[in-house]
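Undergrad: Sequence first, predicted coordinates after that:
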Amino acid sequence: MPTRKLTQLALYTALSLAIFALESVIPPLAPIPGIKLGLANIITLVLLERYSPRDAFLVLLCRILLSALLFGQALSLLYSLAGGLAALLVQMCLRKRLGRRHLCLVGAFGGLFHNLGQLLAALLVTGTLGVLAYLPHLVLAGILAGLFTGLCASFLLQKLPPV
């Protein structure tokens, strides 16, 4: 990997980690566990547009590992990985089909699948179906948050200089 690209991806990683840290001090939007804006996903969406899915995966993985190491617990690593990878996979597939014009929809599906991935991880960890009671709330919150992050990524992409 060329040094320039490695440096740019490292900066995106640091930026997504800073956004994650900033969001972690914002009070919860709802009294339901797992509901937050997911602002670091803006960086993932930008990377999917400007770089390759592999690059987006590497930055996502670094951010998840570093955030778990710096701010979380071992269990938060599992939930973040499950949600982040599920979101990235669906966003990669949809971005190819929908393109930049529909980045809000790509973000919405990413938010939805992030929450579904985390819910599946919680189901496997706890072994109880009771966690599925959160499903309707997490579906709605994931779609709305994803629409917002997709919109933010669209605006950011318009302002960034070419790679």
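TA: Cool, the structure landed. As the structure is a prediction and not an experimental result, all values here were calculated from the model. Numbers count the residues shown, from 1 in each chain.
Undergrad: Give me the pLDDT for the residue nearest the centre of the chain.
TA: Nearest to the mean C-alpha position of the chain, by Cα atoms, centre = their mean, lies N41 at 3.5 Å. On pLDDT, N41 comes in at 96.
Undergrad: Mean pLDDT per helix and strand in the protein: which one sits at the bottom?
TA: For the chain, using mean pLDDT, DSSP states H and E, the weakest element among its helices and strands is helix 74-98, scoring a mean of 92.
Undergrad: Any buried residues in it, and which?
TA: By neighbour count with 16 or more other Cβ atoms under 10 Å, helix 74-98 contains the buried residues 78-88, 90-92, 94-95. C-beta here means a position set from N, CA and C on the backbone, and glycine is covered the same way.
Undergrad: What residues of the very next helix or strand once past that helix count as buried?
TA: Counting by DSSP states H and E, the next helix or strand C-terminal to helix 74-98 is helix 103-126. Within helix 103-126, the residues that count as buried by 16+ other Cβ under 10 Å are 103-122.
Undergrad: contacts for the least confident helix or strand of the chain?
TA: The contact list for helix 74-98, computed with Cβ atoms under 8 Å, 6 or more residues apart in numbering, reads 41, 44-45, 48-49, 53, 56-57, 60-61, 64-65, 67-68, 72, 103, 105-107, 109-118, 120-122, 125.
Undergrad: Distance from it to the middle of the chain?
TA: A distance of 7 Å separates the centroid of the chain from that of helix 74-98, by Cα atoms, centre = their mean, to the nearest Å.
Undergrad: between that helix and helix 103-126, how many degrees?
TA: Interaxial angle, helix 74-98 versus helix 103-126 (axes from the mean of the first three to the mean of the last three Cα atoms, to 10 degrees): 150 degrees.
Undergrad: and the helix or strand where A14 lies, what's its mean pLDDT?
TA: According to DSSP H and E, A14 maps onto helix 3-24. Helix 3-24 shows a mean pLDDT of 95.
Undergrad: Does anything pack onto it? Which helices or strands?
TA: Helices and strands touching helix 3-24, by 3 or more Cβ pairs under 8 Å, 6 or more residues apart in numbering; DSSP states H and E, are helix 41-50, helix 53-71.
Undergrad: Reformat these as JSON lines; add distance to I26.
TA: Shown next, in JSON lines, are the helices and strands packed on helix 3-24 (distance: least, Cβ to Cβ, whole Å):
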{"stretch": "helix 41-50", "distance to I26": "15"}
{"stretch": "helix 53-71", "distance to I26": "13"}
